[in-house]
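1. Fold the following.
(4 chains)
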There are 4 protein chains.
Amino acid sequence: MASTFGHLFRITTWGESHGGGVGVVIDGCPPGRRFELDAIQAELDRRRPGQSRITTQRQEPDQVEVLSGVFEGQTLGTPIALLVRNKDARSADYDEIRTKYRPSHADFVYDAKYGIRNWMGGGRASARETIGRVAAGALAQQILKEDCGTEIVAWVKQVGNMASTTNVDTVTRDLVDANIARCPDGETAERMIQLIDQVRKEGDSLGGVVEAVARNVPPGLGEPVFDKLEADLAKALLSLPACKGFEIGSGFGGVTMRGSEHNDPYYPEEGRVRTRTNHSGGIQGGISNGEPILLRAAFKPTATILKEQETVDVDGNATTLKGRGRHDPCVLPRAVPMVEAMMALVLVDHHLRQRALGPST
Amino acid sequence: MASTFGHLFRITTWGESHGGGVGVVIDGCPPGRRFELDAIQAELDRRRPGQSRITTQRQEPDQVEVLSGVFEGQTLGTPIALLVRNKDARSADYDEIRTKYRPSHADFVYDAKYGIRNWMGGGRASARETIGRVAAGALAQQILKEDCGTEIVAWVKQVGNMASTTNVDTVTRDLVDANIARCPDGETAERMIQLIDQVRKEGDSLGGVVEAVARNVPPGLGEPVFDKLEADLAKALLSLPACKGFEIGSGFGGVTMRGSEHNDPYYPEEGRVRTRTNHSGGIQGGISNGEPILLRAAFKPTATILKEQETVDVDGNATTLKGRGRHDPCVLPRAVPMVEAMMALVLVDHHLRQRALGPST
Amino acid sequence: MASTFGHLFRITTWGESHGGGVGVVIDGCPPGRRFELDAIQAELDRRRPGQSRITTQRQEPDQVEVLSGVFEGQTLGTPIALLVRNKDARSADYDEIRTKYRPSHADFVYDAKYGIRNWMGGGRASARETIGRVAAGALAQQILKEDCGTEIVAWVKQVGNMASTTNVDTVTRDLVDANIARCPDGETAERMIQLIDQVRKEGDSLGGVVEAVARNVPPGLGEPVFDKLEADLAKALLSLPACKGFEIGSGFGGVTMRGSEHNDPYYPEEGRVRTRTNHSGGIQGGISNGEPILLRAAFKPTATILKEQETVDVDGNATTLKGRGRHDPCVLPRAVPMVEAMMALVLVDHHLRQRALGPST
Amino acid sequence: MASTFGHLFRITTWGESHGGGVGVVIDGCPPGRRFELDAIQAELDRRRPGQSRITTQRQEPDQVEVLSGVFEGQTLGTPIALLVRNKDARSADYDEIRTKYRPSHADFVYDAKYGIRNWMGGGRASARETIGRVAAGALAQQILKEDCGTEIVAWVKQVGNMASTTNVDTVTRDLVDANIARCPDGETAERMIQLIDQVRKEGDSLGGVVEAVARNVPPGLGEPVFDKLEADLAKALLSLPACKGFEIGSGFGGVTMRGSEHNDPYYPEEGRVRTRTNHSGGIQGGISNGEPILLRAAFKPTATILKEQETVDVDGNATTLKGRGRHDPCVLPRAVPMVEAMMALVLVDHHLRQRALGPST
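-> Next comes the predicted model:
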């Protein structure tokens, strides 16, 4: 299951940062849906490096090619294979990393796990692998929108120690994309951009927090035990490169509350059961309750920095390594479409499960 | 997959809080291992209600019966079925919850998902469901110990706003179990116990944080993409009742560091590659690096409280509900063996995967 | 996946012939269905040994206990755990087989695979393991009947070299159960019974063929590639003890036909697309076409015989072995409910998949 | 799971006969293995149309491109993506099949299942889909050879009513490929070729039987219940286009034997446990016993013929259809590498499972 995600709407990604390309096979997409290649490409453009001055300047157009599963603009119900060729492979940059393990990269653990690695780049640990997820996630978002009216919006909540506040009921993707920090709080966004610029010049990097909401999720999605909706979301988010933490609803902050504060009282509203607060983050007992699903994901500072670092070589000798060339000082703005994609993949899978296993109507 | 967890070492739990019992089928346990029923029962005793004055006083002996898969004290390699009968079912207590949704319980979402629910209790959302996980986790811990020397220890790090500090390199299960708070910082433990006692009398409840370490995990466990070790751990932990957050290594705290601080420098030590710091929490790029795996899980305050709360009934009318009888003011001490079990289930599964798919020797 | 079958309607069986019992966990049964315990017990009674003079005289009541997943006579949508205790365990019979491998039994391969086996019986290879399948299959048949009007009927077509002919459009379960051979061709049934009686007295055993039909299967079930409906049926049937062959539609007989004879011409009938012949056996390209699904399964003669046979002991020395006590001279009549159950499990799983992934309506 | 096969060595195929191409993602290939592109291409050449005068004259070079998972001639342990572009797409041929269902093709059932189909060709039902399987199977055969010395050889046993006999202990791939019928019995092969030639001129088609052996399969592969080795082989074979039947060992022929004839007596030979006969076909109780695995698969005559046939159009009206252009009068010779590939995929998966779950050494 290593490279496959999902139970009914299943995606299998493949490809390394260096090699023929990267791609995804989407198996289990319902038939007869419009296939909006432009919408998929747009999400890839939001994900790709080089899209603004605060991300890595590595230039990759990431043009997607559809190889199967689509006919006359509609999904066939059969596997949709998408391919993005690799372009900007400058292996000359990579000579040193053939023999020295980059700290907090996956070089060492790949050798430990496989006894071999493609030392020309990050292999499967490269953020390029997320291309397939983002493409598949765009399709998943479209299906959720069509079937349930679900809207998913993620944004940069925090960069370094610079935090912002956002109204989760009203935030839109347009608001998020209004600035290159993808932080809908415009003033904080400006300061984030300055901070990223400064850290970039220092050859250093920053972490941060992405927050996300899914609105109009029907009640009843998720399973009561292992495949709890929040458990699947946690796995989805933690499977993104550099993600180190996950919270749903009140999260870590909720542990200081009493049960009498934390419980979300129910009340009736226009024939629906609503909750007055949403400490549950839209999920109770693993199952969506119809309130907005609200989560946060912590991303550590990018491992690639342009400073000298202590490390060992492949023979186990102490040495030092200094990154050169281009680096991504802050992955947070590019993580936004990744988070949205992963949320959509989880939700669409549970939406299809509920079609199969929900009560008869 | 709803009630199944794991890919090679697979467990399937079944059972509701009210009904014939709860249990687990463990499929994929290697053959020829000693089957230590006492060790399994001991973990169930650490999990069960009524074990100390600060947990719920609901009394359930939780005696486990082995139905299959074991012969002359050894595992057969075939499914191990374990059964625990339900005992303390007092359905008279449950009349009101037949018609009123308990806030932040799963009653409402079960009706939304299934159109039916066993109103005599929490159904699959009951903590009783974790009996099967804890039993299977005890077996998983034994296998990890035998094969890799892996030790897993979890403890209560925080209750409400009362936090403690623990040496993750030296903490042992004996230290943890030395007090009923399961907090190895004895002084803080005393204060936690007082706090829980007080909140119990108020009919209210507390949340907290469990921290856990896995030592002697061999490098190379975990997959580079979706089944990253931290992703599977996150899913495992978030699948526990009341868990709202997960952190690995530096977690949310790491987002304020620079890359130059956060990266873990490698150095050689006695033929091994070690890291000077462990902000990665023992996992890089989804794969264990041989350092201790360190994680934290946030648990919200228990939903069952003995105070009047606003809610709606099954017909959608506004009403109020006041819990009666016994409640669990703080689930944290009982969550400790659950966290250990879930970690072990993830690790043993990846250990077996690596046996299958690792490099030939 | 060893002990689990199905993707959405998933069953996990457990248990050996000797030990606490055998059982099944059914995960993925839709909620709110009547749970007909009597219908399940009736199928177990059709499967159990000792039901007639031509099966083994081993007496096991096979009384099923429902442990979870059912409330007030309805399915909850959560796992349904069923348990049947072992009764007639006479380990005294089994002393010799502790040290000698019974020819064409699984004793030797269990030792080869696991390095250990429960020598008190057939372990998982015992026909007792099918109890869980038959119970789950009864539930699956009920759901197919309710949702699609699907009827599944299997019967004994051949015993030894004694073959019969049956009208697959009109055969009913009542006709099949009208005699203890479960062959709806009454005259042939009489001769089969005599043959089985004779072979039983000789301490020998017989093989045969079970034929089966599923009528009113909606078009569209099955997948175009690996999970072709006939592929899943083949796996289901070959997973039954003693099954050595499978045919769908024309099967092996169809290989001597020309394409112009074998192709099933389409014609319109009352708004439906029908075929004039059914060499396809109701499945084309892996997907049901609405015609009756027709298959046959070959069962070898039972391995347990009461004659002296050449074999080796567990130390690899040549020896002989002579079975004693009771044996089942012909498993065919008891295989009938097993075949029906396996067909139902495959069909209900694809029925639920189609609910999830079929075109929107 | 529709387009995925295998549990540890997992392949996912994608692509239609018309569209960008077809391919496969192989996930779970052990790392550090030589990647023999020539061997893979050689198997594709054995599978492709136009390779001899008795197969379809459709010309497709089927040149495979490696997109990922391979580095410096070795497998990385990460997904191996293979792509074969579509070439010979002559959609002008296909105008009529847009509106008329071809008898015994999948056109009608695709419309029934998906509500949409790519009418330019057979979609996923096209034999082109098997390209990915054959490529992956070549890699699987190499691993089995390296790890266990396993050899898999398949051949055409029967075409129409013309049957041959082959020594399963000595047959080699060279012997099989010595003639274009792929029947190692040279005399019968000649007559098969004449028959196919004649039927081709008549615009008709032939079915037949492929037989196959796997030698040097270690004892202990396969699972005792649902994932019996013969059950997985049956599914694998029945998932090939046009396959209608499967036999292992004695198969349907074994049903007329008595148990005393059918049981395979054990005897010791050079420290190994062997059987005097092999009616079991190398598998007992679902698990390999070390003897050659012997199976047969029945293939119906190809559905595409150049004769007028009765059918209905997409609006449900009666009509007729006459195939034009090129057709494949007998798929049997090309099915040989497909059968070998599917056997290898099943065996390598169970080989890896046994590495994970076998007894500790």
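
2. Please report the distance of the residue lying closest to A:G20 once chain neighbours are set aside from C:I305.
-> Excluding its sequence neighbours, the residue lying closest to A:G20 (CB to CB, 6 or more residues apart in numbering or on different chains) is D:L67, at 3.7 Å. Backbone N, C-alpha and C define where each C-beta goes, glycine included. Distance check for D:L67 against C:I305: by CB to CB, to the nearest Å, it reads 56 Å.

3. same check, this time on A:R128
-> According to CB to CB, A:R128 and C:I305 sit 63 Å apart.

4. cool, and A:K157?
-> 73 Å.

5. Equivalent analysis for A:I131, please.
-> A:I131 is 62 Å from C:I305, by CB to CB.

6. Wait, A:K100 touches A:G316, no?
-> No - judged on CB atoms under 8 Å, A:K100 makes no contact with A:G316 at a distance of 11.4 Å.

7. Tell me which stretches of the stretch 201-350 of chain A form helices.
-> A:229-238, A:259-262, A:332-357 (DSSP state H, counting those that start in this stretch).

8. who touches the one residue in the stretch 151-300 of chain A that gets nearest to chain B in this structure?
-> Residue nearest to chain B within the stretch 151-300 of chain A: A:G285 (2.7 Å; CB to the nearest CB). The contact partners of A:G285, taken as CB atoms under 8 Å, 6 or more residues apart in numbering or on different chains, are A:P224, A:K228, B:H105, B:A106, B:V109, B:Y110, B:A125, B:P241.

9. For those, give me a markdown table that also has pLDDT and distance to chain D.
-> As requested, the contacts of A:G285 are exported to a markdown table (pLDDT from 0 to 100; distance: CB to the nearest CB, whole Å):
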| residue | pLDDT | distance to chain D |
| --- | --- | --- |
| A:P224 | 96 | 23 |
| A:K228 | 98 | 22 |
| B:H105 | 95 | 34 |
| B:A106 | 95 | 29 |
| B:V109 | 97 | 28 |
| B:Y110 | 96 | 28 |
| B:A125 | 90 | 29 |
| B:P241 | 97 | 30 |
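
10. Between those, which sits nearest chain C?
-> A:P224 (6.8 Å).

11. what stretches of the stretch 1-150 of chain A score poorly on pLDDT?
-> A:1, A:57, A:88-94 (pLDDT under 70).

12. Output the residue of it whose distance to chain B is smallest.
-> A:A106 (2.7 Å).

13. Wait, that residue touches A:G123, no?
-> Yes - with contact defined as CB under 8 Å, A:A106 reaches A:G123; the gap is 7.0 Å.

14. Tell me which of those two has more neighbours.
-> A:G123 (29 against 26; other CB atoms under 10 Å in any protein chain shown).

15. Is there contact, residue-wise, from stretch A:266-283 to chain B?
-> Yes - judged by CB under 8 Å from any CB of the partner chain, stretch A:266-283 comes into contact with chain B through A:Y266, A:Y267, A:P268, A:G271, A:V273, A:T275, A:R276, A:H279, A:S280, A:G281.

16. Contact partners for the nearest residue to the fourth one once chain neighbours are set aside?
-> Setting aside the residues directly before and after it, A:G271 is nearest to B:G316 in space (CB to CB, 6+ apart), at 6.7 Å. By CB under 8 Å, 6+ apart, the contact set of B:G316 is A:P268, A:G271, A:V273.

17. how far away is the closest residue to A:I80 other than its chain neighbours from D:G123?
-> Spatial nearest neighbour of A:I80, excluding adjacent residues (CB to CB, 6+ apart): A:G69 at 3.3 Å. Per CB to CB, A:G69 is found 10 Å from D:G123.

18. A:D328 touches A:P49, doesn't it?
-> Yes - the pair A:D328 / A:P49 is scored as a contact, 6.9 Å apart, by CB under 8 Å.

19. and those two? which has more neighbours close in?
-> A:D328 (24 against 19).

20. which among the contacts of B:G316 gets closest to chain D?
-> A:G271 (32.9 Å).

21. number of nearby residues for that closest one?
-> 6.

22. for A:I11, same thing?
-> So A:I11, with other CB under 10 Å, has 29 neighbours.

23. Next up, the contacts around it.
-> A:I11 neighbours (CB under 8 Å, 6+ apart): A:T4, A:F5, A:V24, A:V25, A:I26, A:D27, A:G132, A:R133, A:A136, A:L345.

24. go on, A:S280?
-> A:G249, A:S250, A:D264, A:N289, A:E291, B:S104 are the contacts of A:S280 under CB under 8 Å, 6+ apart.

25. give me the subset of those touching chain C.
-> Among these, chain C is touched by none when using CB under 8 Å from any CB.

26. Separate out the buried members of those residues.
-> A:G249, A:S250, A:D264, A:N289, A:E291, B:S104 (16 or more other CB atoms under 10 Å in any protein chain shown).

27. Would you format those as TSV with distance to chain D included?
-> Compiled in TSV, the buried ones among the contacts of A:S280 are given as follows (distance: CB to the nearest CB, whole Å):
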residue	distance to chain D
A:G249	33
A:S250	37
A:D264	37
A:N289	30
A:E291	33
B:S104	36
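
28. which pair in these spans the largest distance?
-> Distance extremes for these: the farthest pair is A:S250 and A:N289 at 14.4 Å, using CB to CB.

29. distance of the residue of chain A found nearest chain C from A:G149?
-> Going by CB to the nearest CB, chain C is nearest to A:A356 of chain A, at 3.7 Å. According to CB to CB, A:A356 stands 21 Å off from A:G149.

30. Please identify which of these two sits among more neighbours.
-> A:A356 (22 against 11).

31. Next, show the common contact partners of A:G69 and D:G123.
-> A:L76, A:T78, D:E16.

32. surely the last one meets A:P79?
-> Going back to what we said before, that points to D:E16. No - with contact defined as CB under 8 Å, D:E16 does not reach A:P79; the gap is 9.3 Å.

33. Now for these two: what residues contact both?
-> Joint contacts of D:E16 and A:P79 (CB under 8 Å, 6+ apart) are A:S68, A:G69.

34. Surely A:G358 and A:P218 touch.
-> No - at 9.9 Å, A:G358 does not count as touching A:P218 under the criterion of CB under 8 Å.

35. need the residues of the stretch 201-350 of chain A near chain C, please.
-> Counting by CB under 8 Å from any CB, the stretch 201-350 of chain A sits next to chain C at A:P224.

36. Could you rerun that using 10 Å?
-> A:E223, A:P224, A:V225, A:D349 (CB under 10 Å from any CB of the partner chain).

37. for the stretch 51-200 of chain A, same thing?
-> Of all the residues in the stretch 51-200 of chain A, those lying near chain C are A:G77, A:T78, A:P79, A:I143, A:E146, A:D147, going by CB under 10 Å from any CB.

38. what's the distance between A:S360 and D:G115?
-> 21 Å.

39. Specify which residue of the two has the higher count of neighbours.
-> D:G115 (17 against 12).

40. so what's the backbone phi/psi at the closest residue to that one other than its chain neighbours?
-> Nearest-residue entry for D:G115: C:P359, 3.6 Å, with adjacent residues in sequence omitted and distances by CB to CB, 6+ apart. Main-chain torsions, C:P359, degrees, to the nearest 10: phi -60, psi 150.

41. you'd agree C:P359 is up against A:P31?
-> Yes - using CB atoms under 10 Å, C:P359 is in contact with A:P31, at 5.4 Å.

42. Which residues are in contact with each of the two?
-> A:G77, D:K113, D:Y114, D:G115, D:I116 (CB atoms under 10 Å, 6 or more residues apart in numbering or on different chains).

43. Out of those, list just those in helices.
-> Counted as lying in helices by DSSP state H, out of these, are D:K113, D:Y114.
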